[in-house]
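K.L.:
How does the following fold in three dimensions:
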Amino acid sequence: MIPDGERPDARTTAQSAHVVPIRWYEPSGAPTTSSPTLLWLHGGGFFRGGLDQPEAHAVAGALAQLGVRVATVGYRLAPVPGLGWVRPRSGSSRVRFPLPLDDVLTAYRAVAARSPDGVVLGGASAGACLAAAATLRSTDDGRRPSGAVFAYGFFHAVHPRHRDARQRSRRHRRITHAPWALDVMNRNYVGSRGATSERSAFPGGHDVGAFPRTLVVNAEHDNMRASGDLFAAELGAAGVDVAHHVLPGTRHAFLNHPGPAAFSTATAMIAAWIHSPDTPTDRAAG
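P.N.:
Here you go, the predicted structure:
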């Protein structure tokens, strides 16, 4: 059953017969002002997640209730880390870089064709990394998005280690979120250590001066915050109009949990930022 305000869609890449699922969420009521469509990407370490997980479906639904037109994308996933160091078998649905990014770019072109007020590229966690890479590639191709939104994303091939030991001890304690495990996850996505240096795999540490206005929302207690904080700083140093917020008391993937207040706080912040392109830049706290 398709929820109200949601329309399924699909697009096919020019290189293959692969269909890229796109799910649409229309704003509730008549929009009071024109604003861009948000193309939103779920997280999951590049190897898990999908259109139905809360980080995709619940976030898009909440933003639609706040007047934002949203499209989500079912990009292809990488092999499960530890089980996929060999090349994925022929016919396998598991792929590696750059194919997931190609799916996002295919969706971006399709959404842009139906969005006269422009497109904001955004995502959470690994989806934020993909959204940042798609922003770079689209800008290179002369299709610069209207903006970018990143929630607790990571953007660097090697995850930065936080220098404050006291803060680090309060961050996410899951073994899968240990910095060394995150580095393994990154290599699993691209398939080799050498490929991690690709600019369109991990944009952190590369030239980001052509980025559009950007909103960065990080979780306070999150090992990945070191990469999110650094990337926001890199954007600011490059002259990009970046609004950077750190939500107190939050942990990684809080958008996968619609109940707590952090979910409503972040979705309201994203909606307000999309609707108000001239909002002054806010600096991170904490």
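
K.L.:
and the helix or strand hosting Pro248, how far from the chain's centre?
P.N.:
Using DSSP states H and E, Pro248 maps to strand 242-251. Centre-to-centre, strand 242-251 and its host chain are 15 Å apart (C-alpha atoms, centre = their mean, to the nearest Å).

K.L.:
next helix or strand past it?
P.N.:
Taking DSSP H and E, what comes next after strand 242-251 is helix 261-275.

K.L.:
in that following helix, what counts as buried?
P.N.:
Neighbour counts over helix 261-275 (16 or more other C-beta atoms under 10 Å) mark 262-263, 265-267, 269-271, 273-275 as buried. All C-beta spots, glycine's among them, are computed from the backbone N, C-alpha and C.

K.L.:
how about these in TSV, adding distance to His244 and pLDDT?
P.N.:
Conversion of the buried residues of helix 261-275 to TSV gives the following (distance: C-beta to C-beta, whole Å; pLDDT from 0 to 100):
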residue	distance to His244	pLDDT
Ala262	16	98
Phe263	19	98
Thr265	15	98
Ala266	13	98
Thr267	17	98
Met269	11	98
Ile270	13	98
Ala271	18	97
Trp273	12	98
Ile274	16	97
His275	19	95
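
K.L.:
ok, which pair from those is furthest apart?
P.N.:
Pairwise distances across the buried residues of helix 261-275 peak at 20.4 Å for Ala262 and His275 (criterion: C-beta to C-beta).

K.L.:
how about the helices of the protein, start to end?
P.N.:
57-65, 99-113, 126-140, 165-169, 179-190, 225-237, 261-275 (DSSP state H).

K.L.:
so where's the stretch 1-150 of the chain shaky on pLDDT?
P.N.:
Across the stretch 1-150 of the chain, the ranges flagged by pLDDT under 70 are 1-17, 30-33, 83-92.

K.L.:
Quick one: the strands in it, in order.
P.N.:
Secondary structure of the stretch 1-150 of the chain (DSSP state E, counting those that start in this stretch): strands at 6-12, 19-25, 37-41, 70-73, 119-124, 147-151.

K.L.:
Can you tell me which of those strands is most buried?
P.N.:
strand 119-124 (a mean of 29; mean count of other C-beta atoms under 10 Å).

K.L.:
Show me what that one pairs with in its sheet, parallel or antiparallel.
P.N.:
strand 37-41 (parallel), strand 147-151 (parallel) (DSSP bridges).
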